[in-house]
Structures are given as C-alpha cells and as structure tokens.
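Participant: Make a model of this:
(one chain, ligands or ions: 1)
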Amino acid sequence: MGPRNLFLTNLPESSNDCEDNPTRNRGFSKRGDNDLDPDECMQRTGGLFGSRRPALSGTGNGDTSQSRSGSGSERDSWKSEAEGGESSDTQGPKVTYIPPPPPEDEDSIFAHYQTGINFDKYDTILVEVSGHDAPPAILTFEEANLCQTLNNNIAKAGYTKLTPVQKYSIPIILAGRDLMACAQTGSGKTAAFLLPILAHMMHDGITASRFKELQEPECIIVAPTRELVNQIYLEARKFSFGTCVRAVVIYGGTQLGHSIRQIVQGCNILCATPGRLMDIIGKEKIGLKQIKYLVLDEADRMLDMGFGPEMKKLISCPGMPSKEQRQTLMFSATFPEEIQRLAAEFLKSNYLFVAVGQVGGACRDVQQTVLQVGQFSKREKLVEILRNIGDERTMVFVETKKKADFIATFLCQEKISTTSIHGDREQREREQALGDFRCGKCPVLVATSVAARGLDIENVQHVINFDLPSTIDEYVHRIGRTGRCGNTGRAISFFDLESDNHLAQPLVKVLTDAQQDVPAWLEEIAFSTYIPGFSGSTRGNVFASVDTRKGKSSLNTAGFSSSQAPNPVDDESWD
Ligand SMILES: Nc1ncnc2c1ncn2[C@@H]1O[C@H](COP(=O)(O)OP(=O)(O)OP(=O)(O)O)[C@@H](O)[C@H]1O
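Facilitator: Numbering: from 1, shown residues only. Here you go, the predicted structure:
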C-alpha cells in the first residue's frame with residue numbers, strides 16, 4: 001500500500017493535555033525541532049487519541065471488512081468515503097476495531113467552547129417559515145417549557161440564548177409537525193432537533209430498556225459520516241444526562257458485535273450511519289415499530305444519489321411507521337430544490353419549511369478569499385499560507401483520498417505538524433487524526449469530503465480549499481467548519497482556471513450574499529461562463545431561497561416571534 005496508510009501524525013516531543021496513546025508517534029512540529037526522518041515519520045501509525053472534548057465512541061462488531069481501496073473513481077466513492085468503504089458485502093479482513101467509550105465525567109460530557117462575538121447578530125437574520133399553521137417561534141428556552149433536567153443540561157452546556165433555527169424549530173417539533181429546516185453552518189441545528197425530541201420522550205415516557213429482549217428505539221438519527229453521527233451521539237448523551245433516555249451510536253469501520261452489545265443495554269435514541277444501520281436492521285437487532293422520530297441531519301446529502309436509495313430502503317423496512325405515523329425532521333445548511341422535492345416522499349404533506357437566512361448561503365462570520373492558483377503552484381502557496389498562519393488550527397480540503405495522503409506527507413516533510421482523515425484510513429486512524437487535530441497536537445488536518453459536513457471542532461480558525469469541491473453546496477459546508485456559533489473564521493480557496501470555472505457563478509453568488517469581496521477576475525469568469533438555468537438570483541438552480549412548494553410563507557426576523565415580526569411579505573420579494 002502506498003503512503004496512504006503509512007502516513008502518520010507528526011507530534012512534537014513534548015506531550016500536552018491530550019491523552020497519550022501507546023502507539024503515539026513523534027514527528028515534526030511546525031517549529032521543526034524534532035527532525036524525524038520523513039521515512040521514519042512514515043513508519044509509524046496512529047497518533048494521539050482523546051482530546052479535551054470527549055473522544056469518539058463508536059461501537060460495533062467486525063462483521064464486514066473495510067474496503068482498503070476506494071472502489072470506483074475517487075470522486076464517485078463519496079459514499080464509501082463516508083462509510084469508509086464499509087458494506088456488508090465487501091470482501092476483506094474482519095473489522096475488529098472497538099472505539100474506547102467516551103469519558104464519563106461531567107466535565108467531559110459538558111465540555112464546550114464559547115460562543116463568539118457575533119452570536120447576537122443571529123437575531124438580525126431574516127427567517128422564513130412556509131407551510132400552514134406554523135406555531136409561533138419562541139424567544140427563550142423557558143418558553144419551550146422543557147423539564148428541569150433538560151434545562152439543567154442546557155445550562156451546563158453553556159447555552160443561555162436560542163439561535164434562530166432553535167427559536168423556530170423547537171416549537172414546531174414540540175407541536176408534532178414534520179420539518180425541513182435550513183440554517184447556516186454552526187448555528188445550532190443539532191440542539192434544535194435533540195431538545196424537543198428529548199422533551200417529548202421525557203413527557204411521553206419511553207419503552208426501550210435494558211431489560212427488553214429486542215430494543216425498539218423511539219428515535220433514529222442518520223447522518224452521512226461516522227465522525228458526525230458520533231458527534232450527534234455525544235450531544236444526545238449530553239442533553240439526556242441524568243434522564244432515563246439512553247443514546248447509542250453505531251457506525252461502520254467498527255466491530256458490529258460491540259454495536260449490538262451497546263444496543264441491547266438499552267437504546268432509545270440510535271445515531272447511525274446508513275450502512276451500519278441497515279446491517280443492524282437486517283440482523284433484526286432492533287425493532288422499528290416504536291419509532292416516533294426519524295431525523296436526517298445533512299439531509300440534502302442523505303437524500304442525494306449517495307444515500308438516497310438506502311434512505312428509501314430504511315423507510316420501507318418492515319415495522320417502520322409510515323410518514324403519517326412518525327415525525328420526520330430534516331436539517332441542513334443547504335437544500336437544493338431538486339432534493340427538496342425528493343424529501344417530500346419522507347415528509348407529511350403539511351410539513352413546515354424553515355429557512356434561516358439564504359438557503360445554501362455561507363455563514364457570514366467566515367471571511368472568504370478566493371485566489372487564482374494553478375495546480376502546479378498549489379503546494380508552494382499552501383506552505384506559504386500555513387507558515388504565515390502558524391499554529392492556528394487549519395483544515396485543508398483536497399478532492400481525493402490519494403491527494404490527502406500525498407499533501408499530508410508533503411507537509412510533514414516541510415516540518416508542518418499535519419494529520420489526515422479520509423475514507424481509506426482505518427477508523428482507528430480517522431479517530432486518532434481527529435483527536436490529534438482537536439487537541440492541537442496537529443494543528444493542520446488534511447481532509448477529503450468526509451470531513452466537510454457537520455464536524456464541530458473548537459478553534460478551527462482557517463479552512464483552505466486546496467482543491468475546490470465540485471459543488472457550491474459542499475463549498476458552503478467546508479468553509480462552515482470555521483466561523484461557528486458566532487465565532488469568526490477565514491477561508492482561502494485555490495481557484496484553478498483549468499478545472500473550476502463551473503463554480504465561478506455560484507461562487508460569486510455565495511461571496512456576494514455573504515457580503516464578501518469578489519475578485520474582478522472571478523466576476524469576469526462568472527459572467528462569461530454560461531450555466532443553463534443559473535440566473536444569478538436565488539431563483540436559479542443554485543439555491544432554493546424559498547420552499548419549493550411555494551406555499552404560504554411568513555417572513556420573520558430571528559429576533560421576533562411571528563406575532564411580533566413585521567408583516568409577512570410575499571416570498572417573491574424575499575430575495
Ligand atoms: N443556543 C446555543 N448557545 C450556545 N452554543 C450553542 C447553541 N446552540 C448550539 N451551540 C453550539 O454551537 C456549535 C455548533 O452547533 P451545531 O454543530 O449544532 O451547528 P450546526 O448548525 O449543526 O452546524 P453544521 O451545519 O455545520 O452541521 C456547537 O458547539 C454547539 O454546542
């Protein structure tokens with residue numbers, strides 16, 4: 001195998017507050033004070049595991065091998081990227097990895113970072129709610145009338161104010177309505193669905209318990225990547241702390257038997273990647289009859305051709321309540337119109353659509369810079385930028401798994417502390433890489449799209465698109481790894497005239513909508529490149545700025561409940 005799996009983290013000699021891992025390796029620090037031979041650097045595996053925040057805690061039992069080579073073309077293997085190439089019919093060695101359980105101490109469970117200076121600016125964002133009979137937004141957690149334990153956990157998590165998506169989503173979900181919610185990256189969509197679901201479960205009571213032969217969870221939450229479902233699990237564990245609700249997480253690349261053992265101990269909320277979930281259902285390790293809530297996080301990704309077929313299989317499984325009998329919730333920062341139409345198959349016809357700001361728009365707390373850089377100049381430019389950045393946490397996105405290893409190795413040889421995450425790395429390595437990055441041992445993480453969505457990592461100050469993605473939606477998600485929860489961040493993208501011209505128009509739109517400077521050369525390309533159907537406005541195929549049902553909508557600002565908001569204007573003038 002090429003350097004792909006030999007590539008390792010570079011760790012400074014001195015340890016810091018991260019847990020040491022017996023297989024921890026040494027390597028280069030940015031300051032280059034421990035000059036390991038690059039080859040030796042390549043001989044070591046693993047890295048650090050654990051960080052100030054709870055570690056990943058997937059569970060599972062080796063049922064299927066993990067594809068060690070991306071099947072099909074690199075770009076087409078996005079799904080195998082997310083699942084790490086795992087599927088029940090993949091040949092290869094048995095997966096035996098069992099992630100260690102997350103820390104159980106309260107400090108770790110409630111570890112969180114501070115909201116940023118722009119958190120209060122959320123209240124100025126226009127919110128559009130479309131669909132009929134929408135309950136009014138709430139302005140405070142108290143208005144949600146949650147139980148004391150939940151309120152205690154919210155306070156311990158450092159939440160004092162609701163974000164816009166929470167103000168509108170929580171009452172809608174408490175009212176039992178289906179919901180499609182779009183809000184910018186880093187604006188609290190996870191709590192927006194977890195809190196009302198937990199409130200319902202606490203109020204209505206739960207059935208699944210450790211003493212049941214067959215576990216029948218009340219809630220299933222699916223997301224496209226292992227690291228993201230684990231992150232959602234840790235949030236569910238946080239907010240359900242001290243309650244009888246038990247959350248479990250299962251994902252590919254880990255031993256299946258361990259997943260099963262976790263489930264049989266009691267499973268009310270199951271956080272899962274699609275591949276592992278369908279394995280567990282196929283083996284009848286859970287029943288679906290008690291499902292009350294089905295949540296699709298990064299929903300547009302879950303419904304596209306990558307995971308759409310598996311999602312359709314899921315809702316057709318024996319025992320799965322129909323869309324009329326369950327509550328279905330979909331969340332994402334992007335939601336193209338054609339995907340919205342696909343979503344209708346999963347949602348009750350009277351679902352509500354909440355759009356916080358421009359659907360598909362970038363978070364305005366991210367300062368975006370686009371540089372024209374040809375492919376042969378990218379590495380030099382990357383090193384120049386990273387040397388200027390110093391030790392601030394930076395995610396570098398590349399388009400293929402091979403390139404992730406290559407660039408990470410290259411940076412290693414440039415004595416820049418770097419690690420990598422992509423779908424061909426063992427799950428253990430992926431989790432170690434994330435742990436090294438989270439705790440700052442490796443301030444640079446080179447990643448493919450497997451890390452583009454959802455990951456909430458403290459202090460990511462910079463995102464560099466070494467390669468621009470193929471779609472503008474993925475661009476929005478990638479740069480959203482920084483500038484989260486009112487904090488500011490910076491994104492720098494290398495625009496290659498040979499391959500990125502198709503992105504020029506949507507990129508200009510995203511930059512303009514986010515009040516960013518648009519380079520003249522990019523504008524020129526944008527308006528000299530004709531893309532059928534793109535009118536440069538929100539009505540183009542690029543963004544669905546309104547509910548594609550074109551239903552009745554009310555335009556509110558996040559700072560008001562609908563009763564106080566300015567008179568709703570016709571969504572024609574929305575954009
Ligand atoms: N009301 C709140 N007050 C303070 N912090 C919050 C609040 N809601 C969420 N957060 C924090 O903000 C961060 C981002 O939340 P979350 O990951 O749910 O964002 P998101 O909208 O799902 O982002 P993405 O679109 O990238 O998935 C998390 O660290 C979360 O704990």
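Participant: alpha carbons only for contacts and neighbour counts from here, please
Facilitator: Noted.
Participant: Give me the residue ranges of the stretch 51-200 of the chain where confidence is low.
Facilitator: 51-92 (pLDDT under 70).
Participant: For it, which segments are assigned as helices?
Facilitator: 78-83, 106-109, 148-156, 164-174, 189-204 (DSSP state H, counting those that start in this stretch).
Participant: export the ones you listed to TSV and tack on mean neighbour count?
Facilitator: Output for the helices of the stretch 51-200 of the chain, formatted as TSV (neighbours: other C-alpha atoms under 10 Å):
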stretch	mean neighbour count
helix 78-83	26
helix 106-109	15
helix 148-156	16
helix 164-174	26
helix 189-204	20
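Participant: Check which helices and strands the helix or strand that contains residue 311 sits against.
Facilitator: Residue 311 belongs to helix 308-315 when assigned by DSSP states H and E. For helix 308-315, the packing partners by 3 or more C-alpha pairs under 8 Å, 6 or more residues apart in numbering; DSSP states H and E come out as helix 274-282, helix 299-303.
Participant: most tightly surrounded among those?
Facilitator: helix 299-303 (a mean of 24; mean count of other C-alpha atoms under 10 Å).
Participant: Does the ligand have contacts with that helix?
Facilitator: No - using C-alpha under 6 Å from any ligand atom, helix 299-303 never reaches the ligand; the gap is at least 10.4 Å.
Participant: And that helix, what does it pack against?
Facilitator: Using 3+ C-alpha pairs under 8 Å, 6+ apart, helix 299-303 sits against helix 308-315, strand 327-332, helix 337-343.
Participant: To residue 221, which of these lies closest?
Facilitator: Minimum separation from residue 221 across the helices and strands packed on helix 299-303 (C-alpha to C-alpha) falls at strand 327-332, 9.3 Å.
Participant: mind listing what the closest residue to the ligand within the stretch 251-400 of the chain touches?
Facilitator: Nearest residue of the stretch 251-400 of the chain to the ligand: residue 333, at 5.1 Å (C-alpha to the nearest ligand atom). Listed by C-alpha atoms under 8 Å, 6 or more residues apart in numbering, the contact partners of residue 333 are 182, 183, 184, 185, 298, 359, 360, 361, 477.
Participant: at 6 Å what do you get?
Facilitator: By C-alpha atoms under 6 Å, 6 or more residues apart in numbering, the residues touching residue 333 are 182, 183, 184, 185, 360.
Participant: Would you tell me which of the helices of the stretch 51-200 of the chain gets closest to the ligand?
Facilitator: Distance to the ligand, taken as C-alpha to the nearest ligand atom, is lowest for helix 189-204 among these, at 3.7 Å.
Participant: what's the offset of the lengthiest strand in the chain from the middle of its chain?
Facilitator: What stands out as the longest strand in the chain, according to DSSP state E, is strand 247-255. With C-alpha atoms, centre = their mean, to the nearest Å as the basis, strand 247-255 stands 16 Å off its chain's centre.
Participant: Dump the C-alpha coordinates for that strand into CSV.
Facilitator: Taking Å, rounded to 0.1, in the frame of the first residue of the first chain, the C-alpha atoms of strand 247-255 are listed here in CSV:
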residue,chain,number,x,y,z
ALA,A,247,-28.5,7.2,23.3
VAL,A,248,-26.4,4.7,21.3
VAL,A,249,-24.1,5.3,18.3
ILE,A,250,-23.2,2.8,15.6
TYR,A,251,-21.1,3.3,12.5
GLY,A,252,-19.0,1.5,10.0
GLY,A,253,-15.4,0.6,10.5
THR,A,254,-16.0,-0.7,13.9
GLN,A,255,-16.8,-4.2,15.3
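Participant: Let me know the next secondary structure element after that strand.
Facilitator: helix 256-264.
Participant: for that following helix, packing partners?
Facilitator: strand 59-61 (3 or more C-alpha pairs under 6 Å, 6 or more residues apart in numbering; DSSP states H and E).
Participant: Return only those of the contacts of residue 333 found close to the ligand.
Facilitator: Answer for those near the ligand (C-alpha under 6 Å from any ligand atom): 184, 185.
Participant: Which of the contacts of residue 333 fall in strands?
Facilitator: Those of the contacts of residue 333 lying in strands (DSSP E): residue 182.
Participant: Now do the buried residues in the helix holding residue 311.
Facilitator: For helix 308-315, a neighbour-count test (16 or more other C-alpha atoms under 10 Å) marks 308, 310, 311, 314, 315 as buried.
Participant: hmm, who's touching that helix?
Facilitator: Residues outside helix 308-315 that contact it (C-alpha under 6 Å, 6+ apart): residue 302.
Participant: Extract the CA atoms of that helix and return them as PDB.
Facilitator: Only the C-alpha atoms of helix 308-315 are listed here, as PDB (Å, rounded to 0.1, in the frame of the first residue of the first chain):
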ATOM      1  CA  GLY A 308     -31.000   8.200  -1.200                       C
ATOM      2  CA  PRO A 309     -31.500   4.600  -2.100                       C
ATOM      3  CA  GLU A 310     -30.600   3.400   1.400                       C
ATOM      4  CA  MET A 311     -32.900   6.000   3.000                       C
ATOM      5  CA  LYS A 312     -35.700   4.800   0.800                       C
ATOM      6  CA  LYS A 313     -34.900   1.300   2.000                       C
ATOM      7  CA  LEU A 314     -35.000   2.400   5.600                       C
ATOM      8  CA  ILE A 315     -38.500   3.900   5.400                       C
END
